[in-house]
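> Sharing a model that was predicted from the sequence below.
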Amino acid sequence: SRDTAWTVTAGAVALPRGRGVALSFEDITAVEEAEAMRRDFVANVSHELRTPITALSGFIETLRGPARDDAAARERFLSIMQRETERLSRLVSDLLSLGRVEQAERLRPTAAVDLSALVAQVAAVLEPVAARDRVVIRADLPDDPVTVPGDEEQLRQVLTNLLGNAIKYGGADREVTLTLGAPDRHRELRGPGVRLDVADQGDGIAAHHIPRLTERFYRVDAHRSRAVGGTGLGLAIVKHIVNRHRGRLRIESVPGQGSRFSVILPAD
Ligand code: ADP
């Protein structure tokens, strides 16, 4: 790809004349790559927004026309419209969160966050969602509180997204387990850290998808993601927040048995 990049950028090298701007081939390649990613992202966002908007305007038309006097159809269409509207609004808030965490990536969060309390709170908030699918949430917490330097709201979002996915993709009548370890050494980190696992007993994820799961809008099964109200941004947000905390995200899965998402955060 180096050769390709050379050909693509060769024309651009002559451009910055007169003001002593010197960009290396590598810089220009990086700039162009960033620009291509931005264009992809804008195209993806437009597509993601357009789909529910198209559906909504179709239903409005039907409600004004053919379904005008059909009470049952009206009810059905209105509930689909409500679901699509909720998905649109989740998409907009996920986009805003992603923008915020991408921007703040270089800042170092420093407040002490009690992860044990956070796990308990998030589990309680998602309990009713889990109950709807008869999913049982188990939390395995150490006796002593576990704190890490971090941004509480962002870490709450990490937990919410991972637990939410485990419930959505873990399958009905199953268990989801949250395990928080006591501070320890982890080979992924230089110093001491804590590890939080979110494990489900769902269908799992085929190995070739795993490295791409944290890409914005990457989904294993777009149909399923849409059906469970996904935006395709949850894991991208998780990855940025974990990076910002200088932590690691590890994803392991056994197809047919379940998945485990582990977050390892530095503790000092
Ligand atoms: P979405 O809003 O689609 O859930 P995410 O970024 O949270 O977006 O996840 C990306 C994709 O990763 C999902 O569409 C799904 O295919 C897959 N995925 C995430 N979590 C799990 C899980 N616990 N089990 C199986 N697949 C999962």
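Great, that's in hand.

> can you tell me the helix or strand for Glu32?
helix 25-64 (DSSP states H and E).

> list the helices and strands that helix packs on?
For helix 25-64, the helices and strands in contact under the criterion 3 or more CB pairs under 8 Å, 6 or more residues apart in numbering; DSSP states H and E are helix 2-10, helix 71-103. C-beta: built from backbone N, CA, C; applies to glycine.

> Now the weakest link among the ones you listed, please, by mean pLDDT.
Comparing mean pLDDT over these, the weakest stretch is helix 2-10, at a mean of 36.

> circling back to that earlier point, and the helix holding Glu32, what's buried?
Residues of helix 25-64 classed as buried by neighbour count (16 or more other CB atoms under 10 Å): Ile28, Thr29, Asn44, Val45, Glu48, Pro52, Ala55, Phe59, Leu63.

> The third one contacts Arg216, correct?
Yes. In this structure, Asn44 sits in contact with Arg216. The criterion is CB atoms under 8 Å, and the distance is 6.8 Å.

> and stretch 113-129, average pLDDT?
97.

> that older thread, pick the most deeply packed of the helices and strands packed on helix 25-64.
helix 71-103 (a mean of 14; mean count of other CB atoms under 10 Å).

> Pop out the phi and psi values for the closest residue to Phe217 other than its chain neighbours.
Among residues not flanking Phe217 along the chain, Gly232 sits closest, at 4.0 Å (CB to CB, 6 or more residues apart in numbering). Dihedral pair for Gly232: phi 80, psi 10, per degrees, to the nearest 10.

> for Asp140, same thing?
Here the main-chain torsion angles of Asp140 (degrees, to the nearest 10) amount to phi -110, psi 100.

> ok, now Ala111?
The phi and psi torsions at Ala111 (degrees, to the nearest 10) take the values phi -70, psi 150.

> Contact partners for it?
Taking CB atoms under 8 Å, 6 or more residues apart in numbering as the criterion, Ala111 is in contact with Pro149, Gly150, Asp151, Glu152.

> isn't the first one right next to Pro266, touching?
Yes. Contact between Pro149 and Pro266 holds when scored by CB under 8 Å: they sit 7.4 Å apart.

> Spell out which residues are contacts of both of these two.
Shared between the contact lists of Pro149 and Pro266 (criterion: CB under 8 Å, 6+ apart) are residues His245.

> and these two? which has more neighbours close in?
Taking Pro149 and Pro266 together and counting by other CB atoms under 10 Å, Pro266 has the greater number of neighbours (20 against 16).

> and the more buried one, how far is that from Phe41?
When distances are taken as CB to CB, to the nearest Å, Pro266 and Phe41 turn out to be 29 Å apart.

> and the protein, which residues reach the ligand?
Where the chain comes near the ligand, counting by CB under 6 Å from any ligand atom, the residues are 161, 165-166, 169, 200, 202, 205, 213, 218-221, 225, 230-236, 259.

> Now intersect those with the strands, please.
With strands identified by DSSP state E, the entries of the residues of the chain next to the ligand that belong to them are Asp200, Ser259.

> Which of the residues of the chain next to the ligand are buried, as a ChimeraX select command?
For anyone working in ChimeraX, the buried entries among those, judged by 16+ other CB under 10 Å, can be selected with:
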select :161,165,166,169,200,202,205,213,218,219,220,225,230,231,232,233,234,235,236,259
